[in-house]
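Trainee: starting from these lines, generate the structure:
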Amino acid sequence: MRILNIILCLFLCLPLTGCWDYERINDRAQVTGIAVDPVPGNSHQVIFTLHVPIFVQSSDSSDKMSGRSRHYKNFRVSCSTLSAALSKLQTRNSKEFYLANLQVVILNDHLRDEQIEQIVGSVMGNTSSDKLAYLFMTSEHAGDFLSGPSINEPADDLDNVLSRVRQSGYSVRRRIWEFWRDTTQPGINPTTAKLRSSPDGFDVGGAVVFQGFQPICELPMEETINYNIIMGKMKNISMTFPYKNSDIEVSHLKSYSKRSVQQIHGHVELVDNILLKGDLDVSATNGEIELSPNDMRLYEKVIEMTVKRHVIQLIRACQKKKVDPFGFGLKEMIVHPNDKPIVSDNWPTLFSSALVNVHVKVEIGHKGAFN
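Mentor: Have a look, this model is predicted:
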């Protein structure tokens, strides 16, 4: 009996190896980018572009170190949904499409809000898709950004701009799950990065602000800097501030922010306490100049006044459009959960008429030259 139990246990261990549903990675088409454009004259369908890298053995001596050179293939089809596109395109490819390595999703801003909602929902609902893919909006043909002469896939380049580059300020970093999250909760308007073509290939600068899934307005690159200052997400940025007949040049700027909502005599007040830290650049022509603590504090004061003015201008511009991309309403709802019905029903109106109270503190950590 003991021997039979041992044999039975050995047989039961066979399906525990995890190889019963094994699939070779070479049998899958790894989709790293999805671009979606409208179909002219057809509001029921969109053009899906699926970007798939292809790894082949390289004969170029420059690639001997890696042993491979990277290529890609784009698949295009007109469909109403992403699942339908995957099914139709499967007839053109011997490998099964797989979204677990999805890096970027590019949407044309001429898509209707219902189409954007359906596309984002399809990616979020796909059990194998990577929800950490970055989301971009563009006014140009989205599929063109997934084509190019580079050895590296364009999807890799776009992903690296937001994930690997230290500088953060001229654009917003928004993953598709974050965008979907912001569309489902009150007190905040979703934002995404703006994508444009350039002589060098592409330019990721500026932001698009949404009401639900509908694009409402755009923030140019200069205003996106102020947006990231308000959000406390600016880092490693160099900026120039005018002062008398010269400029104050500050590098390695990083912002910290603490936003809140207060009630002042029956009025809603938006409060943002901002801290900026950076280094004063040294002049290569004049050499290093010793600056007194009073001089340093004077420069910090000038920067504080300039940043405060620009931040207030941006907040008031958003108030006129009744959009809150900063999440003041969401902050209020988190701190005071009982206010959720008020935020859900009336926040655009409350936000548009709220008072603005911004405090900016600047700390320059390195004494450099002043031109």
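
Trainee: show me the chain divided up by domain.
Mentor: Domain segmentation of the chain under automatic domain parsing yields 24-219, 221-371.

Trainee: okay if I get the ones you listed as a markdown table plus distance to residue 8?
Mentor: C-beta: built from backbone N, CA, C; applies to glycine. Formatted as a markdown table, the domains of the chain follow (distance: least, Cβ to Cβ, whole Å):
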| stretch | distance to residue 8 |
| --- | --- |
| domain 24-219 | 32 |
| domain 221-371 | 55 |
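
Trainee: which of these sits closest to residue 10?
Mentor: domain 24-219 (27.4 Å; Cβ to Cβ).

Trainee: I'd like the average pLDDT over that closest one.
Mentor: Mean pLDDT, domain 24-219: 85.

Trainee: one step back: possible to save the domains of the chain as JSON lines with mean neighbour count and distance to residue 12?
Mentor: Converted to JSON lines, the domains of the chain look like this (neighbours: other Cβ atoms under 10 Å; distance: least, Cβ to Cβ, whole Å):
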{"stretch": "domain 24-219", "mean neighbour count": "17", "distance to residue 12": "27"}
{"stretch": "domain 221-371", "mean neighbour count": "16", "distance to residue 12": "49"}
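
Trainee: so which of those gets nearest residue 1?
Mentor: With Cβ to Cβ as the criterion, residue 1 lies closest to domain 24-219 of the domains of the chain, at 42.1 Å.

Trainee: how far is that closest one from where the chain is centred?
Mentor: Counting by Cα atoms, centre = their mean, to the nearest Å, domain 24-219 is centred 12 Å from the centre of its parent chain.

Trainee: contact partners for the closest residue in space to residue 32 that isn't next to it in sequence?
Mentor: Of all residues beyond its chain neighbours, the one nearest residue 32 is residue 155 (4.2 Å), with distances taken as Cβ to Cβ, 6 or more residues apart in numbering. Residues in contact with residue 155, defined by Cβ atoms under 8 Å, 6 or more residues apart in numbering, are 32, 33, 51, 53, 72, 103, 104, 146.

Trainee: state the distance from residue 155 to residue 318.
Mentor: 32 Å (Cβ to Cβ, to the nearest Å).

Trainee: next: residue 30.
Mentor: Here residue 30 is placed at a distance of 39 Å from residue 318 (Cβ to Cβ).

Trainee: kindly report the same for residue 256.
Mentor: For residue 256, the distance to residue 318 - Cβ to Cβ - is 21 Å.

Trainee: do residue 354 as well
Mentor: In this view, residue 354 and residue 318 are 11 Å apart by Cβ to Cβ.

Trainee: now swap in residue 214 and tell me
Mentor: In terms of Cβ to Cβ, residue 214 sits 16 Å off from residue 318.

Trainee: so is residue 324 in a helix, a strand, or just coil?
Mentor: Assigned with DSSP: H, G, I helix; E, B strand; the rest coil, residue 324 falls in the coil class.

Trainee: pLDDT score for it?
Mentor: Looking at residue 324, its pLDDT is 94.

Trainee: contacts only, for the residue nearest to it when sequence neighbours are not counted.
Mentor: Closest residue to residue 324 in three dimensions, ignoring its sequence neighbours and counting by Cβ to Cβ, 6+ apart: residue 351, at 4.8 Å. Residues near residue 351 by Cβ under 8 Å, 6+ apart: 268, 270, 319, 322, 324, 328, 329.

Trainee: check for me that residue 351 belongs to a helix.
Mentor: Yes: judged by three-state DSSP, residue 351 forms part of a helix.

Trainee: give me the distance between it and residue 145.
Mentor: In terms of Cβ to Cβ, residue 351 sits 34 Å off from residue 145.
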